[in-house]
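Asker: Sequence and predicted structure are below.
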Amino acid sequence: MGLTVQSVGNGAVNTDIKDKIPRDAKIIALAGNPNVGKSTLFNKLTGMKQHTGNWSGKTVTNAVGEYKNSNIHLAFVDIPGTYSLNAHSAEEEVARDFLMFGKPDSVVVVCDATCLERNLNLVLQVSEICPKVIVCVNLMDEAREKGIFIDLKGLSEKLGLPVVGTSARKGKGLNELISAISAVEDNEYSAKSRIKVTYSSTMEKAIDMVKTELDKIITFYNTRWLAIKLLENDVNFIASLEQYLNFAVNKNTSLLNALTVAKNFLNSKGINESAFKNYLVSGLVLTAEAICDDKIISFKKADYRSRDFKIDKIVTGKITGPVCMVALLALVFWITISLANYPSAVLWEFFSFLEAKLFSVSLSLGLPLVLADMIFHGAFRVLFWVVSVMLPPMAIFFPLFTFLEDFGYLPRIAFNLDKGFKKCSACGKQALTMCMGFGCNAAGITGCRIIDSKRERLIAIITNNFVPCNGRFPTIIAIISMFLVGGAGASQGLLSSVILTFAILLGVASTFLVSKLLAVTLLKGQPSAFTLELPPYRKPQIGSVIIRSVFDRTIFVLLRAMAVAAPAGLVIWLFANITVNNITLLSYMCEFLDPFGKALGMDGTILLGFILGFPANEIVIPIIIMAYMGGGTLTDYSSLFELKSLLISNGWTITTAICTIVFSLMHWPCSTALLTAKKETGSFYWSFIAFIVPTFCGMLMCFVINSLSRLF
Amino acid sequence: MKMALNCLKVGQSGTVVSVNAKDAILRRLLDIGIIEGTRVSCVLKSPSGDPIAYLIRGAVIAIRNEDSSEILIEADSPIQGVEKYGTYCTVGR
């Protein structure tokens, strides 16, 4: 049953794509191992700003972009990076199903020039199932720097496929790639015989038995390959066959007979199913090895990896490794906090001025007072608070984070932390999904597809919320700056970042603890196989890092927050101004929530802020402030940090501040993250667990902190 | 000298003799090109000594000791302190 759900999910992905593609465009799939610059190539070709990362499995769904010139109209589909088409993980299945059943016109297999041999494994597999294949050897510039030279023409002759060399980051070779695609699409490429992976005569004989039977009942590009898959007894694939081609293997008796005969034949020769599988993969690996002889690839520098190893020695060292991780985290926060203060204050003053002006102008234009009040002191005010509090830290944090991502540091974090995750019966790649969570928990949850085992994926999804996303940590920063550190300045900034680092480490510790708890209760099981590639370090392109992170992430996240902020401001204003028995609705609500809030070391207003912040965590602090101000009665706050006096006058103490920080770190995921969890797990039950687990942890933690603070 | 892959020390190399891992892990190892005769070198240890990263067919790949101890290799040079293979290797941390 589980299989069907998965296949339906993948099917949905494919239909989405077909809807997006204009009819006259040729569909070109971009396949490749993870981390070969596939997404960069895709962006350069299509001009679409799809975010790329220097780690395995950044492309989590099929993305589409178009290329058009006077001769040709192409729709590129960027499919998830995979090592093989054997489909061990959900995203590998997406890749294979798209190549098999999505019927792309051509497939471009993108390879990494710095480790071509391993990449050829996938080239060989794709060329078995797709009639039109172009090989794109990317990262040629990087290979050259490392003294690796590749004879592209020789490679093309050996493979019997067109081969183009590119350096996508520098935009080199793209025109040649387009011409190669055009040539293949116009059937101008005359291939000499395409390379074929051959196996022992016994296996070939068995494959042939099944193939003969298949040829009678199905028209398919490569029935030989289909025969191999059936003999391999790839259950997932057989389910997909039924799903997409309406071809039920189990109902075809003559085919089943042929399969049994072939399998018996194999068994009689001492080849059981598992041995058969091994020979298949060995066949691919050995063929790739044979292609990459000294004539095709030559290494001119023996120690081309020495620089990477020097860096790795430090960032994964016994002591230096963990120190580097924490120090980098603190450094990123320090830069963010110290640089964000100034623009925040400027924006704040500018918008306050604008609010007052707009308010008086609209009154003089005859807008009724109530309406002007509602719009400018309700909707507009919360909106501008969100912009001035959130925008500066985001615009600084995102580029810094993207920089580390592009450099290739994140897989090293996974490498360092894997032992811990293993002890919690979870997967080291969870560290990568946690890093994605810093940007956005919804992205982190989707990213969990890179984890093969369903059990470990669920653990990663449920615990992702313990990493504060970008919508939450400006809230945390603001409270730290106001209450735990006196004022702004360089040294205060340093202290703030240290405290923030501790808060994040608390989140990380909770991730481990909760993962372990889940692994011994709801999600029992052994840790599964784990292989993690540590890609070479790459020089981040500063310009594109800034552009991408500002436009892709900052603007997107900010717009989402703003879309929620204005209506939320309006609602709060209404609550604060509609009275029943001379008491505002807001007071009723806050009073109702107050006992719960107080037990957790906060108050009803703060809790209301978190509840109303469900659609977007960014608006929590603005809502709290708005509620304290109580709509009409206003004092002018010229600076962000004078807000502290407002909070104190409403009973905030250090305990309130700490509990609010902890609760912000651990409470229900925002609506987007929760919907994503529902989509990824396909189950209400697990989405509910993803909701209740962090909420319960936060409540427990706040309750304990509050009780302790009363003792002392 | 034959031994488990995880017994290699940083900087040492060997050739894969056989892979005895269970099915799910085996697939992964095969995908990254670990078969009989594959050259492997140990290049990097994580802070806790597990996982360890190896250079395999031009790529640096981290494998948990639990899994790499199922891979039997013929080391290029004898390694002190390692006498048997196939068991979980605790030397060279």
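Answerer: That came in fine, so what should we check first? Bear in mind that the values here come from a model prediction, so they are computed numbers and not experimental data.

Asker: which residue packs closest to the residue in the stretch 51-200 of chain A that chain B sits nearest to, ignoring adjacent ones?
Answerer: Across the stretch 51-200 of chain A, the shortest distance to chain B (C-beta to the nearest C-beta) belongs to A:C115, at 3.2 Å. In this view, the C-beta of every residue, glycine as well, is placed from N, C-alpha and C. In space, and not counting its chain neighbours, A:C115 is closest to B:G58: 3.2 Å by C-beta to C-beta, 6 or more residues apart in numbering or on different chains.

Asker: Just the pLDDT at the residue of the stretch 51-200 of chain A closest to chain B, thanks.
Answerer: The model reports A:C115 with a pLDDT of 87.

Asker: Past the lowest-mean-pLDDT helix or strand in chain B, which element shows up next along the chain?
Answerer: When each helix and strand of chain B is scored by mean pLDDT, DSSP states H and E, helix B:23-31 comes last, with a mean of 80. Following helix B:23-31 in sequence order, the next helix or strand is strand B:39-45 (DSSP states H and E).

Asker: hmm, that following strand in reach of chain A?
Answerer: Yes: under the criterion of C-beta under 8 Å from any C-beta of the partner chain, chain A is reached by strand B:39-45 at B:43-45.

Asker: What is the nearest of those residues to chain A?
Answerer: B:L44 (5.3 Å).

Asker: My understanding was that the closest one contacts A:I314; is that so?
Answerer: No: contact between B:L44 and A:I314 fails when scored by C-beta atoms under 8 Å: they sit 11.1 Å apart.

Asker: and the two? which has more neighbours close in?
Answerer: Per other C-beta atoms under 10 Å in any protein chain shown, whichever of B:L44 and A:I314 has more neighbours is B:L44, with 21 against 11.

Asker: and the more buried one, bridged to which residues?
Answerer: The partner list for B:L44 in beta bridges (DSSP bridges) reads B:A53.

Asker: and the residue of chain B found nearest chain A, how many neighbours does it have?
Answerer: With C-beta to the nearest C-beta, the shortest gap between chain B and chain A falls at B:G58, namely 3.2 Å. Using other C-beta under 10 Å, B:G58 has 19 other residues around it.

Asker: doesn't A:N121 make contact with it?
Answerer: No: judged on C-beta under 8 Å, B:G58 makes no contact with A:N121 at a distance of 11.7 Å.

Asker: Residue numbers of the stretch 501-650 of chain A in contact with chain B?
Answerer: Checking the stretch 501-650 of chain A against chain B by C-beta under 8 Å from any C-beta, the hits are A:527-536.

Asker: Of those residues, just say which sits nearest to A:S84.
Answerer: A:T531 (12.0 Å; C-beta to C-beta).

Asker: Let me know how buried the closest residue to the closest one other than its chain neighbours is, in neighbour terms.
Answerer: Nearest residue to A:T531, sequence neighbours excluded (C-beta to C-beta, 6+ apart): B:R28, at 5.0 Å. Counted with other C-beta under 10 Å, the neighbours of B:R28 add up to 23.

Asker: pLDDT weak spots in chain B?
Answerer: B:78-93 (pLDDT under 70).

Asker: Get me the contact residues on the stretch 101-250 of chain A for chain B.
Answerer: A:114-118, A:121.

Asker: Not counting sequence-adjacent ones, nearest residue to A:A414?
Answerer: Closest to A:A414 by C-beta to C-beta, 6+ apart is A:A431, at 4.0 Å.

Asker: Please verify my assumption that the one you found contacts A:K422.
Answerer: No: using C-beta under 8 Å, A:A431 is not in contact with A:K422; the gap is 11.5 Å.

Asker: Neighbour count: those two, which is higher?
Answerer: A:A431 (25 against 19).

Asker: OK, contacts around residue 73?
Answerer: Going with chain A. The contact partners of A:H73, taken as C-beta atoms under 8 Å, 6 or more residues apart in numbering or on different chains, are A:22, A:24-26, A:66-67.

Asker: nope, chain B
Answerer: B:I73 sits next to B:2-5, B:8, B:14-17, B:40 when contact means C-beta under 8 Å, 6+ apart.

Asker: 7 Å - rerun?
Answerer: Residues near B:I73 by C-beta atoms under 7 Å, 6 or more residues apart in numbering or on different chains: B:3, B:5, B:14-17, B:40.

Asker: A:T501: which of these is nearest?
Answerer: Here the nearest of the contacts of B:I73 to A:T501, counting by C-beta to C-beta, is B:L5; it sits at 36.7 Å.

Asker: Tell me the spacing between that closest one and B:G14.
Answerer: 7 Å (C-beta to C-beta, to the nearest Å).

Asker: what is in contact with those two at once?
Answerer: By C-beta under 7 Å, 6+ apart, the residues touching both B:L5 and B:G14 are B:40, B:73.

Asker: Tell me which residue is most central in chain A.
Answerer: A:G447 (3.7 Å; C-alpha atoms, centre = their mean).

Asker: Okay, and it sits in which element?
Answerer: Here A:G447 is covered by helix A:441-447, with elements defined by DSSP H and E.
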